[in-house]
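K.L.:
take a look and give me a structure for this.
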Amino acid sequence: MHFSIPDTTEVKDTAGTYVNFNVHVNGVYFCSMRYSQFHDFNALLRKETFDLTGIDVFPPKRQTLLSLTPFEIDERRESLEKYLQSLSQHPHANQCSLFNAFFLAAQQDAYLVSNVPVEVDVFLANGRKVTVEIMEMESSDDVLEKVAKRMELPERFTYYFGLFITLIEPDDSQLIMRKLQSFEAPHVSLQAARQIAKASGVNAEYRISIRKWFWDWHFDDELLEDKVGTNLLYVQTVADLENGWVMAPKATLRQLQQLQSKGERKDYVLMARTLHHYGHVQFAPVRSNFPKSITQAVVSIGPKELAMQISTEEGQTKEVAFKVTRMRCWKITALVEESSAIMSRENKLELAFDYLFTKEKLQWVRLVGAQAIFMSSCLGSIVQEMIANQTGRKIKSPSERIAKPLESYNFKRNKAGAGVTYTEHCQLVAEARRSSASSSPSSTPQGSTSNLRAAESSGAAGTDDSAASAAAASSSNATEKRSPSTPRRVSSTTSPRSSTSYSEPTGPSMKDRALASGRRLKNFMVQGFASQSSASGGPTVEIPDVDEDVSTVFNTIDDDDL
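P.N.:
The predicted structure follows:
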């Protein structure tokens with residue numbers, strides 16, 4: 001997972017003035033919190049029994065009553081961001097119940113959601129839905145377990161699957177936007193995504209979907225021994241073929257149709273596993289520098305590889321496959337193009353990986369697109385699974401999970417105890433940016449310390465948990481002179497491992513808060529994947545041993561065979 005704190009907001013109320021730090025998770029706004037809330041959380045976390053080695057030092061309290069200067073606020077923002085990034089990569093901290101309870105409570109506080117019973121629809125790949133009744137602030141893990149139980153899926157297979165936010169285009173095509181984290185409430189995240197899209201004028205539907213969340217085929221074999229597991233694999237495989245994510249020659253397609261007509265679902269899945277791109281997740285089109293600059297491509301990620309399809313000038317479709325084990329590391333960079341006014345900036349995300357083409361040749365392959373963070377998450381998941389298979393660690397089951405209820409974390413709000421709504425937060429940011437736009441380009445917006453530097457999050461393959469968590473190297477930003485329209489590229493580094501007391505809410509409705517969110521993100525990419533973060537430390541990873549000749553080879557896909 002990717003944490004960032006791109007900016008801060010100054011809040012004034014009857015109790016005084018304080019600063020909110022705006023937290024984004026996987027490129028999407030998640031919550032706003034004060035330093036004191038982070039401080040209390042860190043104090044509780046230090047009481048946990050597991051080793052916290054490798055986590056960045058929490059920024060200490062200042063021993064003065066004087067207010068922080070804008071520079072000091074930005075320093076604290078960067079330190080908190082590094083702390084969250086290292087925390088999210090820790091193999092135990094990001095899985096502990098306190099971590100999940102804290103961020104779940106923070107999401108509730110940000111959106112002022114009442115924890116009341118609601119019905120949520122979870123869609124299968126074929127468009128059919130499973131409706132379950134949940135509490136509005138139940139976590140993704142809780143909802144997934146209820147859906148699995150409703151489908152009568154054996155408990156041990158529950159976490160073979162995951163919940164995702166999926167975009168349904170007007171032509172009924174699907175695009176998986178991101179995986180829901182265990183510490184977020186699916187119902188709240190879904191409503192926010194829908195309202196932001198509506199406020200931005202996007203004619204598309206968001207829904208929660210369930211898909212398998214593993215890459216190794218031996219997990220397929222386990223699911224195929226169960227009737228419900230077989231049905232879920234079958235439904236997803238048929239949908240992926242219909243969407244064109246899996247490529248099948250005409251002869252094989254006819255055989256699959258015969259198996260489908262006979263109801264031989266297990267045999268259907270087994271035959272489909274022999275097809276190109278089986279088990280892949282496909283993403284929105286990207287722009288790449290490979291094999292030449294400004295190459296348009298379609299990317300998919302599957303078992304231990306990233307595949308890129310390119311259309312040539314001759315009308316052919318060529319594909320290149322990059323093995324995850326040959327990626328020395330990868331990084332996420334937010335490219336920010338600024339004009340004289342902050343309000344008119346455009347953000348683009350870039351996934352870049354350092355690839356070992358031959359034993360002596362390393363080259364950065366760059367992919368620019370809105371789903372760069374989700375691509376990075378998929379690569380990280382592949383590495384996690386490879387490490388788990390090597391160490392014999394199995395996918396968790398519900399019985400192994402220790403749930404911490406939302407009410408168990410007493411989430412401290414502002415000094416007046418009233419809280420700041422997300423609408424108020426967005427209005428403060430908008431006012432600050434309008435004020436900045438009317439002043440000189442170099443002026444700092446009053447009430448908002450905005451980090452306009454870009455972000456890199458790097459991960460690496462072929463490492464073990466202890467080595468990756470122990471190897472931490474700090475990076476620093478280099479200041480350079482540039483014209484206002486020049487793209488900025490700076491980074492933060494992460495490893496490939498990516499784990500309140502109730503009160504009746506008041507203030508604007510969820511719709512009003514989401515509309516305010518849409519106005520705030522007007523110049524950002526609609527799906528919200530253009531968040532930025534500052535520089536931080538990360539692992540140093542050894543290049544895996546390979547043969548002399550491991551050059552990437554293009555394959556030509558013959559359209560007549562499809």
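K.L.:
CA atoms for contacts and neighbours, from now on please.
P.N.:
Will do.
K.L.:
in a helix, I373, correct?
P.N.:
Yes - per DSSP: H, G, I helix; E, B strand; the rest coil, I373 lies within a helix segment.
K.L.:
these two touch, right, it and I332?
P.N.:
Yes - I373 is within contact range of I332, at 6.8 Å (criterion: Cα atoms under 8 Å).
K.L.:
quick one: R287 from A297, how far?
P.N.:
Using Cα to Cα, to the nearest Å, R287 is found at 6 Å from A297.
K.L.:
comparing those two, which residue is more hemmed in?
P.N.:
Using other Cα atoms under 10 Å as the criterion, R287 and A297 rank with A297 on top: 21 against 17.
K.L.:
got phi/psi on the more buried one?
P.N.:
Torsion angles at A297 (phi, psi; degrees, to the nearest 10) stand at phi -150, psi 160.
K.L.:
show me what counts as buried in stretch 27-39.
P.N.:
G27, V28, Y29, F30, C31, S32, M33, R34, Y35, F38, H39 (16 or more other Cα atoms under 10 Å).
K.L.:
circling back: with neighbour numbers in mind, choose between I373 and I332.
P.N.:
Using other Cα under 10 Å as the criterion, I373 and I332 rank with I332 on top: 31 against 27.
K.L.:
packing partners of the helix or strand where that one lies?
P.N.:
Element membership for I332 (DSSP states H and E) is strand 327-337. Here strand 327-337 touches strand 346-358, helix 372-391, going by 3 or more Cα pairs under 8 Å, 6 or more residues apart in numbering; DSSP states H and E.
K.L.:
distance to Y206 added to the ones you listed, as TSV?
P.N.:
Listed next are these as TSV, based on distance: least, Cα to Cα, whole Å:
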stretch	distance to Y206
strand 346-358	21
helix 372-391	16
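K.L.:
helices of the stretch 151-300 of the chain, start to end?
P.N.:
Under the criterion DSSP state H, counting those that start in this stretch, the stretch 151-300 of the chain contains helices at 186-199, 217-223, 227-242, 250-262, 265-272.
K.L.:
now could you export just the CA positions of the longest one as PDB?
P.N.:
The C-alpha coordinates for helix 227-242 follow below in PDB (Å, rounded to 0.1, in the frame of the first residue of the first chain):
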ATOM      1  CA  LYS A 227     -17.800 -26.600  -5.700                       C
ATOM      2  CA  VAL A 228     -18.200 -22.900  -4.700                       C
ATOM      3  CA  GLY A 229     -14.500 -22.200  -5.300                       C
ATOM      4  CA  THR A 230     -14.800 -23.800  -8.800                       C
ATOM      5  CA  ASN A 231     -17.900 -21.700  -9.600                       C
ATOM      6  CA  LEU A 232     -16.100 -18.500  -8.600                       C
ATOM      7  CA  LEU A 233     -13.000 -19.400 -10.700                       C
ATOM      8  CA  TYR A 234     -15.200 -20.300 -13.600                       C
ATOM      9  CA  VAL A 235     -17.300 -17.100 -13.500                       C
ATOM     10  CA  GLN A 236     -14.200 -15.000 -13.400                       C
ATOM     11  CA  THR A 237     -12.500 -16.900 -16.200                       C
ATOM     12  CA  VAL A 238     -15.500 -16.600 -18.500                       C
ATOM     13  CA  ALA A 239     -15.700 -12.900 -17.900                       C
ATOM     14  CA  ASP A 240     -12.000 -12.400 -18.500                       C
ATOM     15  CA  LEU A 241     -12.300 -14.200 -21.900                       C
ATOM     16  CA  GLU A 242     -15.400 -12.100 -22.800                       C
END
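K.L.:
so what touches that helix?
P.N.:
124-126, 151-153, 157, 211-212, 220, 223-224, 246-248, 265-266, 268-269, 272, 278 (Cα atoms under 8 Å, 6 or more residues apart in numbering).
K.L.:
on that earlier part again, least confident of the helices and strands packed on strand 327-337, on average?
P.N.:
Between these, the lowest average pLDDT goes to strand 346-358, which shows a mean of 84.
K.L.:
list the neighbouring strands of it plus their orientation.
P.N.:
Using DSSP bridges, the strands paired with strand 346-358 are strand 327-337 (antiparallel), strand 361-368 (antiparallel).
K.L.:
and those as JSON lines, adding mean pLDDT?
P.N.:
JSON lines is the format used below for these (pLDDT from 0 to 100):
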{"stretch": "strand 327-337", "mean pLDDT": "81"}
{"stretch": "strand 361-368", "mean pLDDT": "94"}
